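Asker: Okay, here's the prediction I keep looking at, along with the sequence it came from:
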Amino acid sequence: MIYTITFNPALDYMVKVEGLNFGMVNRTSYEEVYAGGKGINVSIVLKNLETESRALGFIAGFTGNEIEKRVKEANVSTDFIKLSEGMSRINVKIKSDKETELNGNGPKISEKELDNLFEKLEGLKEDDFLVLAGSIPSSLPRNTYEVIMDRLRNRGINFVVDATGELLLNVIKYKPFLVKPNHHELSELFGVQISSEDEIIYYAKRLREMGAENVIISMAGDGAIFISSTGEVIKTAAPKGEVVNSVGAGDSMVAGFIAGYLKNRDLNEAFKMGIATGSASAFSKDLATKQKVDELLAQIN
C-alpha cells in the first residue's frame, strides 16, 4: 500500500483576474476550488493512474470537512486525523498578468494529535510506500520527518521525500527510495550556483552518496535528470505542450514515478512515467489523467 501524509492541507481557491488592480475591486473571470496539499495531490494522481493509496494527515473545522469530502469524491481512501481546534487553511491562488499566491497558516497540531499519527504509521508493512511531501507546519517540531523515518527504519518501507533545504538533507541518512528536488532547490541544498547539466549531475550524485537511492532533478521545461539506484544517469526532455497550470506538477511526477515503478519494478520506465505525469498536470487545468499521461508517454525517449 502507498500512504501519503499532508500535514497542512488546504482548500485551494483558484481565481483568474484579467489585469489585477491592487487597492480596487477586481472581478474574476474564472474560479475553482480544489483540495490542496502535496500528499493529497500525489494520492489523487495515483488514483487517476489506477493505483490505490491512503491519504493521511490533519484536518480541522468546516474547511477540513470539505477537504476530506473532495478527496473522497476523487475515490481516494482517507484516514485523516480531525483536530480539536481551529480550521484547515484556505490558499488563494490568483492568476493574472503574474501568478500570486496567498497561503494560510493552518491550525495548531498538538503533541497528542501528532502521537495519533505515529500510531497509525505503526501499521505500515514491508514494501509499503510512505510519501512525505511539503513543509512542516510551525506548530510541529522541525525534525518531524526524521522522527517518522527513524521510528520506521529497518522495516523495509520505501520512503519518498519531496522536500527542500535542511528538511531533505536531514533525512537522507535514512536512505529514502526517492528524492525529487528541482534544479533551483538542488543549488540551495549545497549552497552553490549551478549553471550546467554536468553540475546538476555532480550534485545529484552527491545526494546518492549521502544515502538517497534514486534522485530526480526536475528542470521545468528543460525536462529532468535521473540518477538511479544502479548509478545510471538518464536525461529526458520535457514533452511538448502549453503550460496551463504549474500547481501540482511536481507532486504528479512523484505519483507517476511510483505508479510506473509498481507496474514491473523497472526504474527507467518509472522515470518516463514520472515525466509524462508531471507534464500532463502542467498542460491541464486540473491534475493529470491517465488518458493525458498515455498521450505524452509516446513523446518521451
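Answerer: Here it is on my side, so go on.

Asker: Quickly find the element holding the spatially most central residue of the chain.
Answerer: Nearest to the mean C-alpha position of the chain, by Cα atoms, centre = their mean, lies Asp251 at 3.2 Å. Element membership for Asp251 (DSSP states H and E) is helix 249-264.

Asker: The nearest residue to the residue nearest to the centre of the chain once chain neighbours are set aside - how many residues pack around it?
Answerer: Using Cβ to Cβ, 6 or more residues apart in numbering and skipping residues adjacent in sequence, the residue nearest Asp251 is Asn41, 3.7 Å away. C-betas here are computed from N, CA, C, even on glycine. For Asn41, the count of nearby residues is 30 (other Cβ atoms under 10 Å).

Asker: Run through the neighbouring helices and strands of the helix or strand Asn41 falls within.
Answerer: In this assignment (DSSP H and E), Asn41 forms part of helix 38-48. Counting by 3 or more Cβ pairs under 8 Å, 6 or more residues apart in numbering; DSSP states H and E, the packing neighbours recorded for helix 38-48 are strand 2-6, strand 53-59, helix 61-73, strand 129-133, helix 249-264.

Asker: For it, list every residue counted as buried.
Answerer: Buried residues in helix 38-48, counted by 16 or more other Cβ atoms under 10 Å: 38-48.

Asker: One more: stretch 206-224?
Answerer: In terms of neighbour count (16+ other Cβ under 10 Å), stretch 206-224 has its buried residues at 206-208, 212-220, 223-224.

Asker: How far away from the center of its chain is it?
Answerer: 15 Å (Cα atoms, centre = their mean, to the nearest Å).

Asker: Provide the backbone phi and psi angles at the residue nearest to Ser228 when sequence neighbours are not counted.
Answerer: Excluding its sequence neighbours, the residue lying closest to Ser228 (Cβ to Cβ, 6+ apart) is Leu267, at 4.7 Å. Here is the backbone geometry of Leu267 (degrees, to the nearest 10): phi -70, psi -40.

Asker: one step back: could you dump the helices and strands packed on helix 38-48 to TSV with distance to Leu296 and mean pLDDT?
Answerer: Formatted as TSV, the helices and strands packed on helix 38-48 follow (distance: least, Cβ to Cβ, whole Å; pLDDT from 0 to 100):
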stretch	distance to Leu296	mean pLDDT
strand 2-6	22	97
strand 53-59	22	98
helix 61-73	25	97
strand 129-133	22	96
helix 249-264	10	96
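
Asker: Indicate which one of these is closest to Glu99.
Answerer: Closest approach to Glu99 among the helices and strands packed on helix 38-48 (Cβ to Cβ): helix 249-264, 13.2 Å.
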